[in-house]
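J.: need a structure here:
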Amino acid sequence: MFKYKRYTLQDTLESEKRELFNVLSTFAGGGGSSTGYRLAGGKILAINEFVPEAQNTYKQNYPNTLIIPGDIKKLTGKDFLEKINLKPGELDLLDGSPPCSAFSMAGSVSHGKGRTHADAFGKTKQYSDIKGVENVEDLFFEFLRVAKEIKPKVIIGENVEGLTMGEAKEYFHRIQNTFEDIGYLVVANVLDASYFGVPQSRKRTFFIAVREDVAEKIGLNFMTMYQLYPEKNKERTTLGEAINDIVNDDEEELKYLIEKIGPDKAVGKTLMKMPKDPDKVLTGMDYHDKGHHFNLKRSSLRKPCPTITAMGNLAGIAGTCHPLEDRKFTIKELKRIMSLPEDFILTGEHKQKSERIGRMVPPLMMKALAESVYNKVLKPYKELNND
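T.: Sure, this is the predicted structure:
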């Protein structure tokens with residue numbers, strides 16, 4: 001059973017010392033997925049990240065990890081292998097969470113929100129927060145181009161749930177076909193973090209790909225690939241389990257959050273009509289005279305927190321709010337909701353910190369997935385090869 005637990009960066013580093021498998025992480029952000037791999041006993045050889053503030057956050061928490069900066073479009077598999085001193089085929093696991101701004105629009109395309117296929121996929125630059133990078137929807141294929149050259153035993157790719165919906169399925173199938181073209185058996189599944197010890201209802205698509213020769217050696221085939229996913233809990237982790245003992249001692253941050261969404265603001269007026277400590281998650285549209293503020297949510301201590309998004313926790317806009325107070329969550333609370341270490345450091349201004357958290361893969365979710373993949377693929381393969 002996967003339980004929510006509090007832990008520190010030192011706990012993470014101690015777990016990494018087991019070096020059960022090695023990992024190269026691309027699109028690593030501030031280190032959410034990396035933290036999960038470390039908790040599963042993985043050794044992070046290096047990471048690739050384009051955004052400077054994300055690099056700063058990563059350095060603060062894992063100063064001894066090699067950071068390979070720059071746009072993946074300008075890097076080759078050879079560049080990565082030279083940095084980590086491995087040959088093609090030697091890396092255990094290649095990880096990647098390519099930005100998904102365009103893919104996240106796909107759900108609204110299929111649900112009649114006014115976007116067209118061209119809106120969602122033909123003009124992706126307007127949805128991208130990555131300055132200097134265009135054609136964001138191509139980045140998953142750049143990730144696979146690098147994977148083809150590195151030839152890792154296993155690839156784990158993460159993206160939004162919307163990738164499996166509506167017209168986005170065209171891209172979803174292209175990605176699956178590309179995995180197969182470069183020599184991998186692949187499976188994709190949507191996982192909800194709240195079933196893996198994370199106090200947040202966060203659904204993400206995870207691709208697991210195993211190199212064909214590795215799969216053959218351990219007796220894995222396309223019919224049995226789904227067994228690589230961890231078995232989820234029967235019960236979901238609640239928000240109350242994570243934040244019930246938090247003491248927010250940063251008065252300046254609390255003042256900032258309360259003022260930004262105060263009673264003189266449109267969002268604040270709606271929020272203050274929403275009952276505190278609800279039994280279920282409430283939405284603003286049920287409390288606004290004209291049904292507006294559908295993105296405004298009052299969370300419940302007895303349910304998982306709604307998905308924390310990159311923009312949704314900005315202090316003055318509609319988004320997920322505290323169950324007991326008329327404000328957004330503090331950084332201390334957000335770290336718990338994303339299952340980060342207690343002493344994890346976020347750099348930059350408040351909005352950069354909350355945005356960085358909102359882009360992460362929850363570490364406890366990645367830990368569950370990585371442990372399953374190690375136990376069912378990498379461990380038996382190494383045992384057969386006497387590594």
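
J.: can you pull out the helices in the stretch 251-387 of the chain?
T.: 251-260, 266-271, 331-337, 350-358, 363-373, 379-384 (DSSP state H, counting those that start in this stretch).

J.: dump these to JSON lines, plus mean neighbour count.
T.: For every residue, glycine as well, the C-beta is placed using N, CA and C. What follows is those, written out as JSON lines (neighbours: other C-beta atoms under 10 Å):
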{"stretch": "helix 251-260", "mean neighbour count": "15"}
{"stretch": "helix 266-271", "mean neighbour count": "20"}
{"stretch": "helix 331-337", "mean neighbour count": "22"}
{"stretch": "helix 350-358", "mean neighbour count": "21"}
{"stretch": "helix 363-373", "mean neighbour count": "26"}
{"stretch": "helix 379-384", "mean neighbour count": "15"}
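
J.: so where is the protein shaky, pLDDT-wise?
T.: 100-137, 387 (pLDDT under 70).

J.: please parse it into its domains.
T.: Following automatic domain parsing, the chain resolves into domains at 9-236+361-384, 240-358.

J.: same list, those, but as a markdown table with distance to residue 2 please.
T.: Shown next, in a markdown table, are those (distance: least, C-beta to C-beta, whole Å):
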| stretch | distance to residue 2 |
| --- | --- |
| domain 9-236+361-384 | 4 |
| domain 240-358 | 10 |
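
J.: so which of those gets nearest residue 1?
T.: Residue 1 sits nearest to domain 9-236+361-384 of all the domains of the chain, at 5.7 Å, using C-beta to C-beta.

J.: how far is that closest one from where the chain is centred?
T.: Remark: domain 9-236+361-384 is offset 9 Å from the chain centroid, using C-alpha atoms, centre = their mean, to the nearest Å.

J.: quick check: end-to-end length of it?
T.: One end of domain 9-236+361-384 to the other measures 34 Å (C-alpha to C-alpha, to the nearest Å).

J.: so what's the residue positioned nearest the centre of the chain up against?
T.: In the chain, the centroid-proximal residue (C-alpha atoms, centre = their mean) is residue 361; its distance is 2.1 Å. If you count contacts by C-beta atoms under 8 Å, 6 or more residues apart in numbering, residue 361 has them with 32-33, 36, 97, 158, 204.

J.: what residues does the one helix or strand residue 173 maps to touch?
T.: Assigned by DSSP states H and E, residue 173 belongs to helix 169-181. Contact with helix 169-181 is made by 103, 121, 137, 140-141, 144, 155, 157, 163-164, 186, 188, 205, 207, 209, as judged by C-beta under 8 Å, 6+ apart.

J.: tell me the most packed of those residues, by neighbour count.
T.: Comparing those by number of neighbours (other C-beta atoms under 10 Å), residue 209 comes first, having 29 neighbours.

J.: quick one: residues contacting it.
T.: 154-157, 179, 184-187.

J.: residue 284 now?
T.: Counting by C-beta under 8 Å, 6+ apart, residue 284 touches 267, 270-271, 274, 292-297, 318.

J.: restricted to buried residues, select those residues in PyMOL.
T.: To isolate the buried ones among the contacts of residue 284 in PyMOL, judged by 16 or more other C-beta atoms under 10 Å, type:
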select buried, resi 267+270+271+274+293+295+296+297+318
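
J.: which ones among the contacts of residue 284 map onto strands?
T.: If you go by DSSP state E, the contacts of residue 284 have residue 297 in strands.

J.: all strands of the protein, in order?
T.: Along the chain, counting by DSSP E, strands occupy 21-26, 42-49, 66-69, 93-96, 154-160, 184-192, 203-211, 282-283, 297-298, 320-321.

J.: now do the last one: which elements does it pack against?
T.: Contacts of strand 320-321 with other secondary structure elements, assessed using 3 or more C-beta pairs under 8 Å, 6 or more residues apart in numbering; DSSP states H and E, are made with strand 297-298.

J.: sheet-wise, list the partners of the strand it packs on with their directions.
T.: strand 282-283 (antiparallel), strand 320-321 (parallel) (DSSP bridges).

J.: partners of residue 283 in the sheet?
T.: residue 297.

J.: give me the neighbour count for it.
T.: Neighbours of residue 283 under the rule other C-beta under 10 Å: 18.

J.: could you measure from it over to residue 308?
T.: Counting by C-beta to C-beta, to the nearest Å, the separation of residue 283 from residue 308 is 16 Å.

J.: likewise for residue 230?
T.: Applying C-beta to C-beta, the value for residue 230 to residue 308 is 22 Å.

J.: just residue 158 next, same as before
T.: Using C-beta to C-beta, residue 158 is found at 16 Å from residue 308.

J.: adding distance to residue 303, write the helices of the stretch 251-387 of the chain out as a markdown table.
T.: Shown next, in a markdown table, are the helices of the stretch 251-387 of the chain (distance: least, C-beta to C-beta, whole Å):
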| stretch | distance to residue 303 |
| --- | --- |
| helix 251-260 | 22 |
| helix 266-271 | 18 |
| helix 331-337 | 12 |
| helix 350-358 | 19 |
| helix 363-373 | 17 |
| helix 379-384 | 36 |
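
J.: between those, which one is nearest to residue 74?
T.: helix 350-358 (23.4 Å).

J.: touching that closest one from outside, list them.
T.: Identification of contacts with helix 350-358 by C-beta under 8 Å, 6+ apart yields 29-30, 53-54, 57, 253, 256, 308-315, 328, 331, 334-335, 338, 340, 346-348.

J.: which residues are in contact with residue 256?
T.: Counting by C-beta under 8 Å, 6+ apart, residue 256 makes contact with 315, 350.

J.: circling back to that earlier point, nearest to residue 17, of the contacts of helix 169-181?
T.: Distances from residue 17 to the contacts of helix 169-181, taken by C-beta to C-beta, are shortest for residue 155, at 24.6 Å.

J.: how many neighbours does residue 316 have?
T.: Using other C-beta under 10 Å, residue 316 has 17 neighbouring residues.

J.: actually residue 302, not the one I wrote
T.: Residue 302 has 15 neighbours, counted by other C-beta under 10 Å.

J.: what distance do you get for the residue lying closest to residue 210 once chain neighbours are set aside to residue 144?
T.: Nearest non-adjacent residue to residue 210, counting by C-beta to C-beta, 6 or more residues apart in numbering: residue 185, 5.2 Å away. Residue 185 is 14 Å from residue 144, where distance means C-beta to C-beta.
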